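Trainee: need a structure here:
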Amino acid sequence: MDNKKKTLVIFHLLVWAILFSLPYLLSSGQDQLVIRVLAHSWVPLLFYAILFYLNYLYLIDRFMYDRKTMVYVALNILIIMVFVLVRGDINDLFFKDVFKPRDENAPPRKMFLYIQTVSYLLPVVCAIALRTLERWKRTEAERKEAANTKLQSELQHLRYQLQPHFFFNSLNTIYSLVDSSPEKAKTTIHSLGKLMRYLLYETKSERVPLSKEIEFLRKYIELMQLRLSEKTKVSSNFPPTTDNLEIAPLLFISLIENAFKHGVSATVESEIDMEMSLQEGIILLRISNKNFPKNSADKSGSGIGLQNLEKRLQLLYPNKHTLKHWTDQGRYHVELEIET
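Mentor: Purely as a prediction, here's the structure:
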């Protein structure tokens, strides 16, 4: 028996212990015998308990939730009628001294039978209410589990989608260096191997230390700088961090990729400025670069990186992130703020 079932059993036992002990405790100090408590309280409570658990453990699930409502109602009416008759026989056999002969001024016997029958509805209603609550909680838990499974599946899909995209863009960089600078191409392949090792092994966790993510970004920037000419100046500033601060992996790489993809020209001087800051659990990345829009014939990037980032942010940090980008005086600016 797991802890939840144990807790439920203890809860039921405690409730019935209180219900059975209260009549005796309340009669203490009065001119009343235990047999009167037994006749007026304990016997009815025993019937209520039987009726409650018949419904709670069997009838509700078997008939009420199985769209056999009329059968369920008929069975309860039959059980209640049997209990009323049996209780009357028990009173006549064992509690004649407690239930004295009725006088002429007493209410009609039918009134007592009516009140007794109505009282049996209480355990039925309680059983339905408790079973419905448990069923709702179970359904809600299953819904949340299904939503979480769907979330993890979608995040995994987005992660697998990002890695080939990153690898493809890096191969473009190596390809551009093979003829012009074979030595740089070799160095680039070595650096790419380190980056891919991080992508394959370090990013399997839902969270990674921010320090490792920053180290990955620095290596990527070094990789990209190998193919740049002197016409492009790159400035990057990352904060010193500890492993205490964690973040979902690969959230910043798409923005830095875009800076190198759209902010570099072979003929025009340009600058790429990147700065990350930390303040009270909030990470802010600012990137600014000269804007050289790609024409429609340029297939160096599919644009999947930014779309991927926006989807991941919505799934991982709902209402805890801000992503802004704009163009001003020929420069492209982007800001990503994440509350960890």
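Trainee: following element in sequence after the helix or strand containing Tyr48, please.
Mentor: Using DSSP states H and E, Tyr48 sits in helix 43-54. Note on helix 43-54: by DSSP H and E, the next helix or strand toward the C-terminus is helix 69-94.
Trainee: kindly provide the distance from Ser170 to Leu177.
Mentor: Ser170 is 11 Å from Leu177, where distance means C-beta to C-beta, to the nearest Å. C-beta coordinates here come from the backbone N, C-alpha and C atoms, glycine included.
Trainee: swap that for Leu14, sorry
Mentor: Distance, Leu14 to Leu177, using C-beta to C-beta: 75 Å.
Trainee: related to what we said a few turns ago, flag every buried residue along the helix holding Tyr48.
Mentor: Within helix 43-54, the residues that count as buried by 16 or more other C-beta atoms under 10 Å are Val43, Pro44, Leu45, Phe47, Tyr48, Leu51, Phe52, Leu54.
Trainee: can you check stretch 322-340 too?
Mentor: By 16+ other C-beta under 10 Å, the buried positions in stretch 322-340 come out as Leu323, Tyr332, Val334, Leu336, Glu337, Ile338.
Trainee: please apply the same query to stretch 178-192.
Mentor: Buried-residue list, stretch 178-192, by 16+ other C-beta under 10 Å: Lys184, Ala185, Thr187, Thr188, Ser191, Leu192.
Trainee: was I right about the last one contacting Ile174?
Mentor: Right, the one you point to is Leu192. Yes. The pair Leu192 / Ile174 is scored as a contact, 6.9 Å apart, by C-beta atoms under 8 Å.
Trainee: I'd say Ser191 and Phe216 touch.
Mentor: No. Using C-beta under 8 Å, Ser191 is not in contact with Phe216, being 11.3 Å away.
Trainee: what about the closest residue to Ser119 other than its chain neighbours, distance to Leu13?
Mentor: Excluding the flanking residues, the one nearest Ser119 by C-beta to C-beta, 6 or more residues apart in numbering is Pro44, at 7.3 Å. Counting by C-beta to C-beta, the gap from Pro44 to Leu13 is 19 Å.
Trainee: Glu280: neighbouring residues, count only.
Mentor: Neighbour count of Glu280, defined by other C-beta atoms under 10 Å: 6.
Trainee: same thing with Leu78?
Mentor: Other residues lying near Leu78 total 10 when counted by other C-beta under 10 Å.
Trainee: can you tell me which residues contact Lys290?
Mentor: Gly263, Ser265, Val268, Ser270, Glu271, Ile272, Gly330, Arg331, Tyr332 (C-beta atoms under 8 Å, 6 or more residues apart in numbering).
Trainee: cool, Leu278 as well?
Mentor: Pro239, Thr241, Leu245, Leu284.
Trainee: show the average pLDDT along the host helix or strand of it.
Mentor: Assigned by DSSP H and E, Leu278 belongs to strand 270-279. For strand 270-279, mean pLDDT is 93.
Trainee: one more: stretch 56-72?
Mentor: 88.
Trainee: what's the end-to-end length of it?
Mentor: Length of stretch 56-72, first residue to last, C-alpha to C-alpha, to the nearest Å: 12 Å.
Trainee: hmm, who's touching it?
Mentor: Stretch 56-72 is contacted from outside by Leu75, Asn76, Ala127, Ile128, Leu130, Arg131, Arg135, using C-beta under 8 Å, 6+ apart.
Trainee: now it: buried residues?
Mentor: For stretch 56-72, by 16+ other C-beta under 10 Å, it's Tyr56, Leu59, Ile60, Phe63, Met64, Tyr72.
Trainee: how about the helix or strand hosting Ser254, which residues are buried there?
Mentor: Following DSSP H and E, one finds Ser254 within helix 253-262. Using 16+ other C-beta under 10 Å as the test for burial, helix 253-262 gives Ile253, Ser254, Leu255, Ile256, Glu257, Asn258, Ala259, Phe260, Lys261, His262.
Trainee: with distance to Asn289 and pLDDT added, can I get those residues in a markdown table?
Mentor: Shown next, in a markdown table, are the buried residues of helix 253-262 (distance: C-beta to C-beta, whole Å; pLDDT from 0 to 100):
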| residue | distance to Asn289 | pLDDT |
| --- | --- | --- |
| Ile253 | 15 | 87 |
| Ser254 | 14 | 85 |
| Leu255 | 10 | 91 |
| Ile256 | 10 | 90 |
| Glu257 | 11 | 85 |
| Asn258 | 8 | 86 |
| Ala259 | 5 | 90 |
| Phe260 | 8 | 86 |
| Lys261 | 10 | 83 |
| His262 | 7 | 85 |
